[in-house]
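S.K.: next input, structure requested:
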Amino acid sequence: MKKNVITIAITLAAAASIFAVMSYNGAKMDAANSSVHTPVVKAVVQLPEVTVMAVTKGSYQAEVIGYGEAKSRYQLTLTSEVSGQVESLGQNFSTGKLFKQGEVVIKINDIDYQQAFSSAQVAVADAKLALLEEQRQGQQARLEWHNSGISGDPDSPLVLREPQLIAAQATFKNAQSQLTKAQRDLDKTAITAPFSALVVSRDVQLGSYLQVGNSIATLYSTDRMEIEIPLSAHQWSSLPNISGAVEGQWPVTLTNTTGDSQWQGYVERVEQHLDNNSRQRALVVVVEQPLTQQTPLFPGTFVTAIVQGKALNDLWQLPASAISQNGEVWYIGADGHLATFTAQQQFAQGELSYIKPMAGMDSANIIIRPLNSYVQGMQVIAKLTNQSDVQLADASVVTYVTINNVSVKL
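M.R.: Okay, the predicted model is just below:
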């Protein structure tokens, strides 16, 4: 019995020792583990990174851009002034060919007109003879009245043949007029180009019979091309003094719709009325000798006109992409958040736009390509560029993770 009690006591003591050792080791492990720093992720924030450019006010030469159609100075429907059969055509009387001023376009059979001219010559000769005879008879009548010894004037002017003389003079004058008309009609059987012209359409053939007023051809003059450029009131405000500019042949650069052809012209005049449809006033630009240019400027060509304007002060120069689809400009405010205002564009040159800044703003960091998702007050990360020819790219989203109060870019 005593032996069993001793055995139990020893066992309990051993168990207590083991428990104490294990408790001690566990406490040391806990203490060691507590000294190890465990990172705590507090939050994940996504901030948009935007590319901005610094802009300041400056003075820039305005360019006004307008559009119009090139038209010949004269566009004529050539008509016949006499009737008759077409007996010959001019060598160049085909569409697309050119006539020099005074060159014969068509010839009408002139036999009847030659006969009429000869008859008119005979009538003039007869009327002249009758007038001379009447003048002689009048002189004889006055002499006889004087020799009669009768005082005063005769009771009738017929005695002195005054009415007969007036009639003979009128007959002679009428005969001369008929001769002039016959000569004119004979000349008009050869129908000539009134100016150097391009044949646009031909309305007669060899053997056609023409009445007075019938169309022969449509001719466009070739000495100059005129382009009406309608401009808005805002565009007019960007132009210099009109009268002085016109006197100095104000230069204008013209390009076609594809931009691969260019012509130099000048402002020839300014229209003094508003178009009924567009309610705009137009500049008239002239290109001299358009068909002999290195690239001919043909009638009907639609062109873009770049007109040099006046110098404008206190403008910002921005890439065109900096103006959103809603016509807004986004910039980084003083607190680093997004802000915006409506752009007042004054003019554009290629990929550049020139706008009036908001009142009180001399400079700003402008977002080069704003996104539709932007809202005012939004926090962003700004990336500044100083390149004048900015290669535009979409804004990218960068993820930041805050670990122990430190932001780390992933």
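S.K.: can you give me the helices in the stretch 151-300 of the chain?
M.R.: 162-187, 233-236, 242-247 (DSSP state H, counting those that start in this stretch).
S.K.: name the helix or strand of this protein that has the lowest mean pLDDT.
M.R.: The helix or strand of the chain with the poorest confidence is strand 396-403; it has a mean of 35 (mean pLDDT, DSSP states H and E).
S.K.: if you compare the helices of the stretch 151-300 of the chain, which one is most tucked away?
M.R.: helix 162-187 (a mean of 16; mean count of other C-beta atoms under 10 Å). Every residue, glycine included, has its C-beta placed from N, CA and C.
S.K.: let me see the domain layout of this structure.
M.R.: Annotated domains of the chain cover 50-56+313-409, 63-73+224-311, 77-220 [the TED database].
S.K.: mean pLDDT for those domains: which is lowest?
M.R.: Mean pLDDT is lowest for domain 50-56+313-409 out of these, coming in at a mean of 77.
S.K.: the closest residue in space to residue 197 that isn't next to it in sequence: what's it in contact with?
M.R.: Counting by C-beta to C-beta, 6 or more residues apart in numbering, residue 219 is the residue found nearest to residue 197 once chain neighbours are left out, at 3.8 Å. Applying C-beta atoms under 8 Å, 6 or more residues apart in numbering, we find residue 219 in contact with 74, 75, 76, 78, 99, 193, 194, 195, 197, 198, 199, 200.
S.K.: and those, which of them are buried?
M.R.: Using 16 or more other C-beta atoms under 10 Å as the burial test, the contacts of residue 219 include 74, 76, 78, 99, 193, 195, 197, 198, 199, 200 as buried.
S.K.: quick one: the fourth one from residue 192, how far?
M.R.: The reference is to residue 99. 8 Å (C-beta to C-beta, to the nearest Å).
S.K.: now do the shared contacts for those two.
M.R.: Shared contacts of residue 99 and residue 192, defined by C-beta under 8 Å, 6+ apart, are found at residue 105.
S.K.: now the helices of the stretch 151-300 of the chain in CSV, with distance to residue 360?
M.R.: Shown next, in CSV, are those (distance: least, C-beta to C-beta, whole Å):
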stretch, distance to residue 360
helix 162-187, 76
helix 233-236, 23
helix 242-247, 33
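S.K.: closest to residue 339 out of those helices?
M.R.: helix 233-236 (25.7 Å; C-beta to C-beta).
S.K.: so how far is the closest one off the chain centroid?
M.R.: Centre-to-centre, helix 233-236 and its host chain are 13 Å apart (C-alpha atoms, centre = their mean, to the nearest Å).
S.K.: list the contacts of that helix.
M.R.: 64, 66, 281, 347.
S.K.: tell me the contacts of the third one?
M.R.: Counting by C-beta under 8 Å, 6+ apart, residue 281 makes contact with 230, 231, 236, 270, 271, 272, 273, 274, 275.
S.K.: residues near the fourth one, how many?
M.R.: By the criterion of other C-beta atoms under 10 Å, residue 270 has 17 neighbours.
S.K.: can you check the first one too?
M.R.: Other residues lying near residue 230 total 18 when counted by other C-beta under 10 Å.
S.K.: and what of the last one?
M.R.: The number of residues packed near residue 275 is 12, by other C-beta under 10 Å.
S.K.: kindly report the same for the second one.
M.R.: Residue 231 has 21 neighbouring residues, counting by other C-beta under 10 Å.
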